[in-house]
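> sequence-free structure coming up:
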């Protein structure tokens, strides 16, 4: 529960910052989760207890691994200075969250 609350807080802050960058570039920031995220959310809503915990933390590990790879790529090769700087700033935070998620994953196996 604590990890989930931390994710909500950090993701809200990061999305606010990214939304501002998008707005400054005349781009529209998505207001809703994507199809795959909605599917994951629907699946999580069918679970409870230990099954929910394991599934949620497995998703967090997978998502943060993917995010880390995407943010590294953007931080190194991005062609928009603001987005590149955002990616560079977020890398250590995503890495920290991934390590915490992996530790929780080990605890729940």
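Done, it's in. All values derive from a computational prediction rather than experimental measurement.

> Please make it C-alpha for all contacts and neighbour counts, starting now.
Will do.

> ranges for the helices of the protein?
Chain-ordered helices for the chain, with DSSP state H as the definition, fall at 2-24, 35-45, 49-77, 81-107.

> ok, and for the last one, which residues are buried?
Buried residues in helix 81-107, counted by 16 or more other Cα atoms under 10 Å: 83-84, 86-88, 90-91, 94, 97-98, 100-102, 104-105.

> May I have the predicted confidence score for the residue lying closest to residue 58 once chain neighbours are set aside?
Distances taken as Cα to Cα, 6 or more residues apart in numbering place residue 105 nearest to residue 58, at 6.6 Å, with adjacent residues excluded. The per-residue pLDDT reported for residue 105 equals 95.

> got any ranges where this structure has weak pLDDT?
For the chain, no stretch has pLDDT under 70.

> thinking again about what came up before, look up how far residue 55 lies from the residue nearest to residue 58.
9 Å (Cα to Cα, to the nearest Å).
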